[in-house]
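>>> A predicted structure for the sequence below; I have some questions about it.
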Amino acid sequence: LYNTMPKNCPENPETFNDIFEDIKLKIMPGDSPPASQGGGTVTESGSDAILCAVLAARQWKINQVIEEQQRKGGSKFDTVHDIGKRLVVYSSKDAHSCIEKACKLAMLRCRPIQPLEENQWGITGEQIEAEIKKDLEKGLIPCFINCTLGTSSTASCDKLTSICPVSKKYDTWLHVDAAYAGSTFIDTKFREVAEGIESAHTINVNLSKFLLHSATLSIIWTREQKIYKDAFSITPMYLKPSHDM
C-alpha cells in the first residue's frame, strides 16, 4: 500500500467515487483474509473496549467448563454463576483503572500485580504465573490477562513476549491494552514492545492519542469475532430466520 501512495500531497482534490474506488481496490484486499475468523469494532472509549473484552472472556471461559459441570447435574443458570464467581483477571497495578472497573461490572476477581523497576515497570509472565498458581490452589479459575502497552502513569509496557506463553499454558483470554502505545506501531521502530501481539484474543487502540483523531473512540480487534459477538447475543427460536431453524 505504501508504494501506491503519492510522494506529495495532491494539489487538486479527488471525487468521493475515486476515493471509494481506492479503498475498494487498494485497502480492502489487504485488510484481512476472506476466510479470517477475526474482526473488530469501534467503541466510544478504551474503557468500553476493555469492558467488552472482559465480558467476552467471561462467557468464553464459562462455556469451556459448563458442559462438564452440567453433566454432574444442576441448573444451567446455577452452573454459570458457580463458575463465574471463581474467575480471575490478572493485570498490572499501573494499568488503567478501567480494568478494575470492568471487573466490578463483570463481577470478576481482579489480581493487580506490582510492576518492578528491574523490569522497566512492566509486569512479566513469571509474576502472573506465580499468582495463577496461588489461585489454582484455592480452586479458582484463571480467565483473563490484561497486558498494557503504554501505562497511563509511566508509559511502561508489560512484557508481552513472556506473558503470551503463560496465557497459552493456562488457557486464559489475552487482551492487549494498547490504547496509548498502539498508534505508534505504524512506525516499525516502535514495534519491539508488541512482539507476540498476534497471540492476543483482543487488542484495543485509541485513535485520539498519536493519530490526532479529535473524537474519543477506541478500535478493538478480535482474533475470533464469533466468540466475541456470541458473548453479547441471545437468539431465541422466535427470532431465528426460517433457514436457521
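Done, it's in.

>>> Touching, Ile83 and Gln59? I think so.
No - if you go by C-beta atoms under 8 Å, Ile83 and Gln59 don't touch, sitting 10.3 Å apart. No exception for glycine: its C-beta is placed from N, CA and C like everyone else's.

>>> Tell me the pLDDT of the nearest residue to Ser162 once chain neighbours are set aside.
Distances taken as C-beta to C-beta, 6 or more residues apart in numbering put Gly125 closest to Ser162, at 3.5 Å, once the chain neighbours are dropped. pLDDT for Gly125: 97.

>>> For Gly125, list the residues it contacts.
159, 162-166 (C-beta atoms under 8 Å, 6 or more residues apart in numbering).

>>> Mind doing that once more with 10 Å?
By C-beta atoms under 10 Å, 6 or more residues apart in numbering, Gly125 lies in contact with 132, 145, 147, 158-167, 169.

>>> tell me, what's touching Ile83 and Gln59 both at once?
Counting by C-beta under 10 Å, 6+ apart, the contacts common to Ile83 and Gln59 are Ile66.

>>> helices and strands of the chain: which one has the lowest mean pLDDT?
helix 76-84 (a mean of 76; mean pLDDT, DSSP states H and E).

>>> just checking, next helix/strand downstream of that helix?
Per DSSP states H and E, helix 76-84 leads on to strand 87-92 as the next helix or strand towards the C-terminus.

>>> Could you list every helix and strand in contact with that next one?
helix 46-71, helix 98-106, strand 109-113, helix 125-137, strand 141-148, helix 160-169, strand 173-177 (3 or more C-beta pairs under 10 Å, 6 or more residues apart in numbering; DSSP states H and E).

>>> quick one: strands adjacent to that strand?
Applying DSSP bridges, strand 87-92 is found paired with strand 109-113 (parallel), strand 141-148 (parallel).

>>> Tell me which of those strands sits most buried.
Comparing the strands paired with strand 87-92 by mean neighbour count (mean count of other C-beta atoms under 10 Å), strand 141-148 ranks first with a mean of 28.

>>> now that strand, how far from the centre of its chain.
Relative to its chain's centre, strand 141-148 lies at 10 Å (C-alpha atoms, centre = their mean, to the nearest Å).

>>> got the angle for that strand vs helix 98-106?
Relative orientation of strand 141-148 versus helix 98-106 (axes from the mean of the first three to the mean of the last three C-alpha atoms, to 10 degrees): 150 degrees.

>>> Report the rounded mean pLDDT for strand 141-148.
Averaged over strand 141-148, pLDDT sits at 97.
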